[in-house]
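Visitor: Based on what follows, work out the 3D shape:
(3 chains)
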Amino acid sequence: MTAAADGGGYLRNAWHVAGWARELDGGAVLARTIMDEPVAFWRGGDGEVTALEDACAHRMAPLSLGRVLDGGRRIRCPYHGLEFDRAGACVRIPGQSAIPPGARVRRYPCAEKWRWLWIWMGEEAKADASLIPDFHWNDDPGWVSVGDYFHVRGNWRLLVDNLMDLSHVAYVHATTLGTEAVADFPVAVRRERGGVQVDRWIVGEPAPPMFRAVGGFAGTVDRWQLIDWRPPAHFAIDVGCAESGSGARDGDRTRGITMYSNHSVTPETQGSCHYFWHHARNFRLDELALTETLAEVTRTAFGEDVVIIEQQQRRLEAARPDRPAIDINADAGALQARRVLDALLVAERDAGGGA
Amino acid sequence: MTAAADGGGYLRNAWHVAGWARELDGGAVLARTIMDEPVAFWRGGDGEVTALEDACAHRMAPLSLGRVLDGGRRIRCPYHGLEFDRAGACVRIPGQSAIPPGARVRRYPCAEKWRWLWIWMGEEAKADASLIPDFHWNDDPGWVSVGDYFHVRGNWRLLVDNLMDLSHVAYVHATTLGTEAVADFPVAVRRERGGVQVDRWIVGEPAPPMFRAVGGFAGTVDRWQLIDWRPPAHFAIDVGCAESGSGARDGDRTRGITMYSNHSVTPETQGSCHYFWHHARNFRLDELALTETLAEVTRTAFGEDVVIIEQQQRRLEAARPDRPAIDINADAGALQARRVLDALLVAERDAGGGA
Amino acid sequence: MTAAADGGGYLRNAWHVAGWARELDGGAVLARTIMDEPVAFWRGGDGEVTALEDACAHRMAPLSLGRVLDGGRRIRCPYHGLEFDRAGACVRIPGQSAIPPGARVRRYPCAEKWRWLWIWMGEEAKADASLIPDFHWNDDPGWVSVGDYFHVRGNWRLLVDNLMDLSHVAYVHATTLGTEAVADFPVAVRRERGGVQVDRWIVGEPAPPMFRAVGGFAGTVDRWQLIDWRPPAHFAIDVGCAESGSGARDGDRTRGITMYSNHSVTPETQGSCHYFWHHARNFRLDELALTETLAEVTRTAFGEDVVIIEQQQRRLEAARPDRPAIDINADAGALQARRVLDALLVAERDAGGGA
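Guide: Got it, this is the predicted structure:
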């Protein structure tokens, strides 16, 4: 294969994370570009979230700089005062009674779930809220979750590659999450439920620093990294550790500890993306100091990925289109995911573009 | 219509404001790009202002970094010392006596008037100083004027649209100049003297905060906004207020107060422009505190427009060319101005491009 | 001629300066883009310097962010841990024993000489270290040299033009190195040893401030500027001064003082370059204060050139392709150098591109 940087387009008939739910608190209007389109988000007094094209039907002024009215039922353009309802229809034009046909902005299906905001950029009729992928770990009393958002100057698929192959943990996160042993253990790749699953077991090795710290492991441990990817870019990753011989490798992980390292990536432009993640644990729930430590460690670690990815993006953009690139064994999961994505993109394009 | 962002070119056979006269004080050389061309301005000891192409005929070094010689009669290139006279002719080349043919830079007709610098980017033979539009309010003992300059990352015509329709005052300047009532009153549009005039009367409404403050109006007032636009982008706007029933609406505005809100916009590139404005009053002339307040209020208000326009520009550049846009009643003046400008641009192009 | 800004490509079969040798001290890995290609440099424990393509064969992650192993014999990719030897061959892939064919990055011939790092971007078979141009003044016990590096947002050939014609010293460096007299004295241009030589003698003039300061000249002096340019962009410039009548003009410069002002320019992109320079003297060697003064004066002076060149570049990029430009007598050397470079570039292109 070659290293071409075309990014392969966007998958529009799918749910994407648009933000943290808390970004709408206090009546804030959130402006965010998704798949090259500016979008304005707000939450009404009744809790309903609206996502409209962030460009007035009149002269493209940003609605996100305008004012939310009537408990969130309307937004008023900051420039000439046109008002739009939650469906994107213009319902008032100052100084005139008639509303011209076509006076509307695009409305995007959206939802608030698992403490994240979700948006559907494709055909509205297909936007089924039950398709929002499971990230309950981020909003579950049995788990404590920490998380954040990074803006990344790289194509979203570079992060899919990144997260499908955790051998990088050994190198990128050598001082945070990793141990070098990781990359030497093989992975098993499955393709189920429309996504790809990658399992890696690191058996009979000393525990890395983080597990020693949070789990008190002294001797050798069996560790697992169980990646569950659902297209376009949703990752639930079960990362855990148990004492060697405790039965974890044979299916009984109850005597170990586990954390979910979850990620979701949304295209902003061909060369940039929004990276949302959270990290959840189901033990020592009340220990605030541990929560703060985990928040800091994961923020540092995922920031290390961003540095690499932004440099990759620059090199891909500058490379000759025929610049060769090799694949390695550890890519097995990433290559499966690429194939799934390519097929979905082709299918959507053939069906009319998803919008 | 659609939202295309082509900007429609430049009108070259016209006077444009290039700067504030004070920018040349103290022997300063001003470098400013106008219609994609770098220009160097300076004032001689005899008061004469010169505008030359800001790129040496030899290797394009910026003359504006050079030295003005002989009381302003010549400028010397900072790189190899070539000297150019006020007509743009090279008159000295160090180390040689002969001046090659073609050793010249473009000279632009320019003038200093109404405390502004003016430039003519088109055919020199047509540059008639008597065509400089009237902005006497900025240089008249009967008026006190405050003003400033903004660099705006938006096409100049977005500001023409902005200033032809003051219904935006109700929304953009809700906390400074506006009241919401403005947008509900209709405008009358005329087309005289090569430009477009837009009159709006707001009758029998409470005075907005600024008029209450500067004019002491307690009850209801009749207000006017009388826009006089002259192409390409010169605006004299008579903004005033009188007690309701004092005869203002019938033509006798002498018992009210008035301020002139004047604006002139000059293209820098297709995506950016120079925005000059001043605000003049003919009452309470000696009150310095009032002058300072008006300077601050207007600077704040016009800066609010810049925010909107820069966002518009970004959206126009990113929009699909067929993205629809609607017009509203309040656009009547702006649409007339667009028609005048389009016709002038076509005429200039047909006649050979203006340069 | 016209002012076109195409930059004329790169000469690849030639040695270019890539950095100061000291940039590799302490085990540092240097990342620098040369001719649009990212390169990683490091020095092994045995002193050997390696230059590899700074993009992993796998996913283009920057090797320069990785770790040097085994005393410098290998570098490990920071992303997935692939290791490359000094020849650019991949010698380890974590988690697998087989190395796929094509698992390599480009290796560039490089060397450390005269306290500079050198790189050969063209055909490896032609990289003969004996062709590295002489800059011994920078690494010679008989000379004290000061120097630095500037990143310049301008095409490398603008600096060749700059350095081939020192008449600019009179104007750009009027307050540092120059006197206005320089530009009035003619140059003699020769074309020897594949390069171009430009000699200028300024005879019977007062010494400029720098020579008065460092050489104690009180009366009139004879000065020389003897430029020896070797393509693509290597300059050794003998700048000296002797009392008038001491015989210098007749070939005996032993009773004067001399300094070598040496420069080398390397393309980064078509619109930017790396500018390396040093300034060496062979008198008052132990005077540290003089060394510091000369370092400061030359850094200031060459920084003045950078300002001009970056403005030139912007004007060249924005200019119409047919914008005329004149040549002057002082360009004699620069025009000869342009001809040599153009011929070399054509020859290299005809022979297959140098890479």
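Visitor: When you work out contacts or count neighbours from here on, use the C-alpha atoms and nothing else.
Guide: Noted.
Visitor: So for whichever helix or strand A:V146 is part of, what gets flagged as buried?
Guide: According to DSSP states H and E, A:V146 maps onto strand A:144-152. Using 16 or more other CA atoms under 10 Å in any protein chain shown as the test for burial, strand A:144-152 gives A:144-147, A:149, A:152.
Visitor: in the stretch 101-250 of chain A, what residue is nearest chain C?
Guide: The nearest approach of the stretch 101-250 of chain A to chain C comes at A:D184, 4.0 Å away (CA to the nearest CA).
Visitor: State the distance from that residue to A:R249.
Guide: To A:R249, A:D184 is 17 Å away according to CA to CA, to the nearest Å.
Visitor: and which of the buried residues of strand A:144-152 is nearest chain B?
Guide: Of all these, chain B sits closest to A:V152, with 19.7 Å by CA to the nearest CA.
Visitor: hang on, the closest one packs against A:E310?
Guide: Yes - if you go by CA atoms under 8 Å, A:V152 and A:E310 touch, sitting 6.9 Å apart.
Visitor: ok so, going back, which other helices and strands contact the strand holding A:V146?
Guide: strand A:272-281, helix A:288-318 (3 or more CA pairs under 8 Å, 6 or more residues apart in numbering or on different chains; DSSP states H and E).
Visitor: if we go to 6 Å?
Guide: Counting contacts by 3 or more CA pairs under 6 Å, 6 or more residues apart in numbering or on different chains; DSSP states H and E, strand A:144-152 packs against strand A:272-281.
Visitor: Listing partners with orientation, what would you give for the strand it packs on?
Guide: Partners of strand A:272-281 in the sheet, by DSSP bridges, are strand A:144-152 (antiparallel), strand A:257-269 (antiparallel).
Visitor: who wins for proximity to C:L117 among those?
Guide: Minimum separation from C:L117 across the strands paired with strand A:272-281 (CA to CA) falls at strand A:144-152, 33.8 Å.
Visitor: Do any residues in the helix or strand just after that closest one lie close to chain C?
Guide: Next helix or strand after strand A:144-152 toward the C-terminus (DSSP H and E): helix A:156-164. No - Helix A:156-164 lies out of reach of chain C by CA under 6 Å from any CA of the partner chain, never closer than 9.0 Å.
Visitor: Which elements pack onto helix A:156-164?
Guide: helix A:332-350.
Visitor: Just want the angle from the helix it packs on to helix A:156-164.
Guide: Orientation check (axes from the mean of the first three to the mean of the last three CA atoms, to 10 degrees): helix A:332-350 against helix A:156-164 gives 150 degrees.
Visitor: list the helices and strands helix A:332-350 packs on?
Guide: Right, helix A:332-350 is packed against helix A:156-164 by 3+ CA pairs under 6 Å, 6+ apart.
Visitor: List the contacts of the helix it packs on.
Guide: The set of residues external to helix A:156-164 that reach it, using CA atoms under 6 Å, 6 or more residues apart in numbering or on different chains, is A:267, A:273, A:333-334.
Visitor: and that helix, how far from the chain's centre?
Guide: Centroid displacement of helix A:156-164 relative to its chain, using CA atoms, centre = their mean, to the nearest Å, is 10 Å.
Visitor: now it: mean pLDDT?
Guide: In this model, helix A:156-164 has an average pLDDT of 97.
Visitor: got the angle for it vs helix A:288-318?
Guide: When the same axes, to 10 degrees is applied, the directions of helix A:156-164 and helix A:288-318 differ by 130 degrees.
Visitor: returning to what we had before: so can I have CSV of the strands paired with strand A:272-281 showing distance to C:F302 and mean pLDDT?
Guide: Listed next are the strands paired with strand A:272-281 as CSV, based on distance: least, CA to CA, whole Å; pLDDT from 0 to 100:
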stretch, distance to C:F302, mean pLDDT
strand A:144-152, 37, 97
strand A:257-269, 41, 96
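Visitor: Dump those to TSV, plus distance to A:W15.
Guide: As requested, these are exported to TSV (distance: least, CA to CA, whole Å):
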stretch	distance to A:W15
strand A:144-152	17
strand A:257-269	9
